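J.: Return a 3D structure for these sequence lines:
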Amino acid sequence: MIVSILGGTGDQGPGMAMRWAKAGIEVIIGSRQQEKAVGVAAELNRELGQDLIKGMANPEAAAASDIVALTVPFAAHNPTLASVADHLRGKILIDVCVPLDPDNVRKMQYPASGSATQEAQALLGDGVKVVAAFQNVSATELRHLDHDIDCDVLVCGNDRGARETVMALVEKMGMTPVDVGLAYNAPIVEGLTAMLIGLNIRNKVKGSGIRITGLP
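T.: Here you go, the predicted structure:
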């Protein structure tokens, strides 16, 4: 399995890339600028002590992978999808984006479709299986490879098989995935991110997360 992370040079992408690479998954970092992707991939490989991660421009990264994760700011969400749409057909897209209010990241600014996940599905059509995941995981915690992350990962999307595939990738990172159903739950999953940011600010921490209790 090859996983590409578009916008992988930002906050969340590097930690996701390193954790998957350590788990034996082939990872490609994508960026609008190939040079930037190659540079970040080289930096992460130095931290890992092995050449496990490649860097490519976003379209090439999407074309070369089996599963694509999108970690760009929401302002770049639709333009990035448009630039790689032809390379996503028949694949799973893990949408990690959150439509935060750019003027106040403790608030949401939902698109007309209801969420970033639903917007991606509407833009890409049924030929792409869009799954929401990792919105509520701290980027800071993802980069701390010396310990597991004390946070569950909420996963939703309209295709059950795609959700199961993404849940297996969550487990590869050493975290617990929770299947929270269809994509109509994505506004709730994404909205929790704004709440967690508020908790981080009020409590002067960087790694608050979500735990689901009472499940078997």
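J.: just checking, what packs against the lengthiest helix in the chain?
T.: Counting by DSSP state H, the longest helix found in the chain is helix 186-203. Contacts defined by 3 or more C-beta pairs under 8 Å, 6 or more residues apart in numbering; DSSP states H and E place helix 186-203 against strand 100-101, strand 104-108, helix 116-124, strand 129-132, strand 152-157. In this view, the C-beta of every residue, glycine as well, is placed from N, C-alpha and C.
J.: Who does the fourth one pair with, and is each partner parallel or antiparallel?
T.: Translated: strand 129-132. strand 92-95 (parallel), strand 152-157 (antiparallel) (DSSP bridges).
J.: can you put the helices and strands packed on helix 186-203 in TSV and add mean neighbour count, distance to Leu6 and mean pLDDT?
T.: Output for the helices and strands packed on helix 186-203, formatted as TSV (neighbours: other C-beta atoms under 10 Å; distance: least, C-beta to C-beta, whole Å; pLDDT from 0 to 100):
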stretch	mean neighbour count	distance to Leu6	mean pLDDT
strand 100-101	17	18	96
strand 104-108	15	21	95
helix 116-124	23	12	98
strand 129-132	28	13	98
strand 152-157	25	17	98
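J.: Which one of these lies nearest to Ala21?
T.: Minimum separation from Ala21 across these (C-beta to C-beta) falls at strand 152-157, 18.0 Å.
J.: residue closest to the middle of the protein?
T.: Centroid check for the chain by C-alpha atoms, centre = their mean gives Val96 as the closest residue, at 3.4 Å.
J.: Out of the strands paired with strand 129-132, flag the one nearest Gly15.
T.: strand 152-157 (13.0 Å).
J.: Do you have the strands of the chain handy? List them.
T.: 2-6, 26-31, 53-57, 67-70, 92-95, 100-101, 104-108, 129-132, 152-157, 176-179 (DSSP state E).
J.: any chance of the ones you listed in a markdown table, plus distance to Asn200?
T.: What follows is the strands of the chain, written out as a markdown table (distance: least, C-beta to C-beta, whole Å):
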| stretch | distance to Asn200 |
| --- | --- |
| strand 2-6 | 23 |
| strand 26-31 | 26 |
| strand 53-57 | 28 |
| strand 67-70 | 23 |
| strand 92-95 | 22 |
| strand 100-101 | 13 |
| strand 104-108 | 10 |
| strand 129-132 | 21 |
| strand 152-157 | 17 |
| strand 176-179 | 21 |
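J.: among the ones you listed, which is nearest Ala168?
T.: strand 176-179 (8.0 Å).
J.: Between the strands of the chain, which one is closest to Ala85.
T.: strand 92-95 (10.0 Å).
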